[in-house]
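*Asks:* sequence and computational prediction follow.
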Amino acid sequence: MLYDVAIVGAGPAGSTAAKFLSEQGVRTLLLEKTTFPRDKPCGGGLQMRVLHRFKYLEENNLIDSYSTTFQIHTSSMTHHIDFHHTKPLQAMVLRKSFDEGLVNLATRNGAILQCGSTVQDIINQKDIMRLNLSDGTTVESRLIIGADGTWSTIAKKIGVKQDCDHIGICVYNEYPMNPETIQKLYGDERGVHIHLQPHGLAGYGWIFPKQKHVNIGVAEFRQAIHPAMEKKNLHINYAQYLKTLKKQKLIPRNLSITATHGGAFPTCQMKRLTADRVLLCGDAGGLVNPLTGEGIYYAMCSGEMAAKTAINALENNTTDAHSLRCYQRRWNHEFHGELSFVNRLSKRWGRNIDQLIEVASKDKKLIDVICEAIPKPGGVQKDKWRIIPRFVFAYCKNLLKR
């Protein structure tokens, strides 16, 4: 069978693309190397703007829980910022059920899911793309969407690759926990905790409480580390982080360190997201927030954009690299300014930022402005030009007091 679009990778980017394509009657194949349910290295926290843009997530019960409080702690634990709201500040998902739910939405509309093999090569023939799979079979398609993660095979095959100096590394675990214990520790608000630069890490640690699980992890950002600096052992750092959390009574004292999971995520967009008959989205295109490592929102947005680009290209038979560049232009128009700004901020992970949190924690107006922005459809990014001047004011006021 000849498909209109073959999507490699059934994470949030690939599944979102498959949903939008199949809804329009496009013959869509969704290829995934593993079988569902399967897990992914992720904290499982979603910005609220994800839910504003993709309303079907809540409509299909893909959200596990919501958090209405948020605390950001300095590395020394001497200062913290409290965000409280009557509306959710963050949504939580379990990646096993979330990803499977997204796939089900795509297949419900007619997309074909094929699991258990990987793409070994792609060959651009006159009118089609041929994908050679690891099980010895081939697939033919008019277009390919590469959504196969940080070390994307599709990206490599079109001549682009991830910069190893611009990646993040995370170690985490999702602990099953009694709902009564979660209630006792984090309240009805399911309070989120973020610890900046725990034990000297160029990054942060997190606690994400959910209904019956608590996700705890640490992330390091390589772009913030000087090449001459010794790299941290994240497994050791994670163990130290858990000990600190126990001392702070933020997790149960009897919580044992079970086998952790880890992974890498990109922190720099690929220079090129298209080639003849090929589009890259999600982690495969480096489409991630370089300051936080949050990728689900950007993955789903890029999947939607790639699908719309593919539909137009198929209708007009304009599947060459030059015609497909409108996808990258559309992406850059919406996200380039935002991601360029946070990319500059992400390099501060390697510096002492405790003073910044101390300043922010003393300015109620600044906290209120940020807290009001988080639940909005545009999120903090939309209101950054209200937030930045207020932070500068708070910083200058703090200097004058010294």
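*Replies:* That came through fine. Treat the numbers as computed from the prediction; the structure is a model and nothing was measured.
*Asks:* need the contact list for residue 246.
*Replies:* Remark: with contacts taken as CB atoms under 8 Å, 6 or more residues apart in numbering, residue 246 is in contact with 252, 253, 255. To be clear about C-beta, it is placed using only N, CA and C from the backbone, and glycine gets the same treatment.
*Asks:* least confident pick among the residues you listed?
*Replies:* In terms of pLDDT, the lowest of the contacts of residue 246 is residue 255, showing 89.
*Asks:* and that residue, that one's in a strand?
*Replies:* No: counting by DSSP: H, G, I helix; E, B strand; the rest coil, residue 255 is located in no strand; its state is coil.
*Asks:* what is the burial count for it?
*Replies:* 16 (other CB atoms under 10 Å).
*Asks:* that one touches residue 242, doesn't it?
*Replies:* Yes: if you go by CB atoms under 8 Å, residue 255 and residue 242 touch, sitting 7.1 Å apart.
*Asks:* in the helix or strand bottoming out on mean pLDDT in the chain, which residues are buried?
*Replies:* Ranked by mean pLDDT, DSSP states H and E, the weakest helix or strand in the chain is helix 384-401, scoring a mean of 81. Residues 384, 387, 390, 391, 394, 395 are the ones in helix 384-401 that count as buried (16 or more other CB atoms under 10 Å).
*Asks:* gap between the first one and residue 390?
*Replies:* Separation of residue 384 from residue 390 (CB to CB, to the nearest Å) stands at 11 Å.
*Asks:* could you check the pLDDT of the residue sitting nearest the centre point of the chain?
*Replies:* What sits nearest the mean C-alpha location of the chain, by CA atoms, centre = their mean, is residue 295, with 1.6 Å. Here, the pLDDT recorded for residue 295 equals 95.
*Asks:* help me confirm that it comes into contact with residue 264.
*Replies:* No: at 11.5 Å, residue 295 and residue 264 do not qualify as touching, with contact defined as CB under 8 Å.
*Asks:* low-confidence ranges, this structure, go.
*Replies:* Across the chain, the ranges flagged by pLDDT under 70 are 228-230, 402.
*Asks:* how is it divided into domains?
*Replies:* With domains defined by automatic domain parsing, the chain comprises 2-58+94-162+270-347, 69-88+165-265, 362-401.
*Asks:* between the helix ranked longest in the chain and helix 384-401, how big is the angle?
*Replies:* In the chain, assigned by DSSP state H, the helix with the most residues is helix 321-346. On the basis of axes from the mean of the first three to the mean of the last three CA atoms, to 10 degrees, helix 321-346 is oriented at 20 degrees to helix 384-401.
*Asks:* show me what contacts residue 49?
*Replies:* Neighbours of residue 49 in contact, by CB under 8 Å, 6+ apart: 297, 376, 377, 378, 379.
*Asks:* quick one: secondary structure of it?
*Replies:* Assignment for residue 49 (three-state DSSP): helix.
*Asks:* and the gap between it and residue 297?
*Replies:* Residue 49 is 7 Å from residue 297, by CB to CB.
*Asks:* one more: residue 67?
*Replies:* 16 Å.
*Asks:* quick one: residue 239 and residue 255 touch, right?
*Replies:* No: if you go by CB under 8 Å, residue 239 and residue 255 don't touch, sitting 11.8 Å apart.
*Asks:* which one of the contacts of residue 246 sits closest to residue 39?
*Replies:* Ranked by distance to residue 39 (CB to CB), the contacts of residue 246 are led by residue 255 at 19.4 Å.
*Asks:* roughly how far apart are the closest one and residue 241?
*Replies:* Taking CB to CB, one finds residue 255 at 12 Å from residue 241.
*Asks:* ranges for the strands of the stretch 51-200 of the chain?
*Replies:* With DSSP state E, counting those that start in this stretch, the ranges of strands along the stretch 51-200 of the chain come out as 65-67, 69-73, 80-84, 90-92, 112-115, 119-124, 129-133, 138-146, 167-176, 192-196.
*Asks:* sweet, I'm off.
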